[in-house]
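J.: Could you look at this predicted model? Sequence included:
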Amino acid sequence: MGRRLRDVLAVLLFTLLFAAGIKSCVMDAYRIPSASMSGTIVPGDLILVNKFLYGARTPEKFLYVRLPQFRFPALAAVARGDVIVFDFPGEPDEVLPVRNQFLVKRCVGLPGDTVEVAQRNLIVNGYRDPRSFSQYDTVPFRTVVPYAGMTVPLDAASFRDWSVFIQREGHTAERRKEEVLIDGRPAASYTVERDYYFAVGDNAKNSYDSRSWGFIPAENIIGRAMLVYWSRGDDGIRWERIGKLVQ
């Protein structure tokens with residue numbers, strides 16, 4: 001192999017690794033497939049996502065080889081109102097999601113927040129969310145977003161609500177008559193090990209979100225949506241949307 005060819009291959013390899021690093025750890029592009037965030041981003045938008053802000057994750061795979069994953073320290077914490085991109089945690093009855101997909105929603109609840117829907121409004125920590133616009137047709141509910149160290153009482157009645165959650169955190173959970181067992185041992189409570197978030201779509205009447213499938217583990221969050229860099233609809237390119245900040 002000649003020296004020139006080796007140099008070319010080295011440059012190509014470096015370029016490939018650099019591009020993969022940027023895509024995996026710094027910035028990536030995502031296409032918006034649904035109308036769940038209409039009013040902010042719409043179907044046909046392509047958005048840039050800042051992966052470095054919340055702590056970039058190293059790639060899970062490189063050239064089909066699975067790698068150990070590491071997360072860099074975050075530059076900023078997820079804030080209420082951020083439009084976030086995240087790995088779908090799964091349907092309510094799935095310990096591991098059958099569908100591997102990315103979702104884009106607005107974070108409305110941080111770890112420890114009390115989130116409720118009442119009189120068709122979204123209320124967080126007792127305050128009406130200004131974006132709710134009386135569009136939340138969900139059955140009224142009230143919940144606390146789990147946080148690391150939170151203690152959850154367990155009994156035969158509450159087991160159904162928490163069994164999948166506990167298994168997602170890496171434990172076995174089962175009920176024997178009126179007794180709850182975690183990792184094979186009787187348990188009257190469970191201490192949450194991770195922080196979680198609650199996110200909904202801006203187009204709440206047409207959004208499948210935390211109201212239906214629950215909380216988002218902190219490690220599932222990929223990054224923050226920053227900018228619409230391209231947009232195309234049925235009528236062609238939507239020039240007026242290109243360069244629009246996601247807010």
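T.: Now that the structure is in, tell me what you want to look at.
J.: most centrally placed residue in this protein?
T.: Geometric centre of the chain, nearest residue: Phe86, 3.0 Å, by CA atoms, centre = their mean.
J.: give me phi/psi at it?
T.: phi -150, psi 160 (degrees, to the nearest 10).
J.: who are the neighbours in contact with it?
T.: With contact taken as CB atoms under 8 Å, 6 or more residues apart in numbering, Phe86 is in contact with 102-103, 105, 199, 216, 220-222. (C-beta placed from N, C-alpha, C; glycine too.)
J.: Is it bridged to anything, and to what?
T.: Leu103, Ile221 (DSSP bridges).
J.: domain parsing for the chain?
T.: With domains defined by automatic domain parsing, the chain comprises 3-114+196-238, 151-191.
J.: how close does Gln101 get to Asn220?
T.: 11 Å (CB to CB, to the nearest Å).
J.: what ranges do the helices span in the chain?
T.: Taking DSSP state H to define them, one finds helices in the chain at 3-21, 159-168, 210-213.
J.: weakest of the ones you listed by average pLDDT?
T.: When these are compared on mean pLDDT, helix 3-21 scores lowest, with a mean of 52.
J.: Turn the buried ones among the contacts of Phe86 into a named ChimeraX selection, would you?
T.: Buried members of the contacts of Phe86, defined by 16 or more other CB atoms under 10 Å, are picked up in ChimeraX with:
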select :103,105,199,216,220,221,222
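J.: Pick the one among the contacts of Phe86 closest to Lys177.
T.: Ile216 (33.3 Å; CB to CB).
J.: how about the nearest residue to that closest one, chain neighbours excluded?
T.: The spatial neighbour of Ile216 that comes closest, neighbours along the chain excluded (CB to CB, 6 or more residues apart in numbering), is Tyr197 at 4.6 Å.
J.: if I look at the one you found, how far off is Gly109?
T.: In terms of CB to CB, Tyr197 sits 6 Å off from Gly109.
J.: Common neighbours of these two, please.
T.: Common neighbours of Tyr197 and Gly109 (CB under 8 Å, 6+ apart) are 145, 210.
J.: okay, and the helix or strand of the protein with the least pLDDT?
T.: helix 3-21 (a mean of 52; mean pLDDT, DSSP states H and E).
J.: Find the residue ranges of this structure scoring beneath the pLDDT cut-off.
T.: 1-27, 58-70, 131-138 (pLDDT under 70).
J.: Could you count how many residues lie near Tyr196?
T.: Residues lying near Tyr196 (other CB atoms under 10 Å) number 25.
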